[in-house]
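In: How does the following fold in three dimensions:
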Amino acid sequence: MEYGIFGLIVLIADIYAIIQIVGSRASGVSKLIWALVVFFLPVLGFIAWLVAGPRSSAATV
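Out: Presented below is the predicted three-dimensional model:
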């Protein structure tokens, strides 16, 4: 049961990350690479995206 809840949390986090990646100002190739990283490495990809990923278009500098 615990693993199912963890899996659901990871799925929700990855869906959120991919939506944010698509809405970012990054180039098309960069978006594709980030989306693939998050898709193929769900936990590590999400953490990497949180640390170094493209920012959304609503973010200010």
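In: how far away is Trp34 from Gly53?
Out: 6 Å (Cβ to Cβ, to the nearest Å). Every C-beta, even on glycine, is put in place using the N, C-alpha and C of the backbone.
In: Buried residues, the helix or strand harbouring Asp14. List them.
Out: Assessed by DSSP states H and E, Asp14 sits inside helix 2-22. Within helix 2-22, the residues that count as buried by 16 or more other Cβ atoms under 10 Å are Ala13, Asp14, Ala17, Ile18, Gln20, Ile21.
In: OK, contacts around the residue nearest to the spatial centre of the chain?
Out: In the chain, the residue lying closest to the centroid (Cα atoms, centre = their mean) is Ala17, at 2.8 Å. Each residue near Ala17 by Cβ atoms under 8 Å, 6 or more residues apart in numbering is listed here: Val38, Gly45, Phe46, Trp49, Leu50, Gly53.
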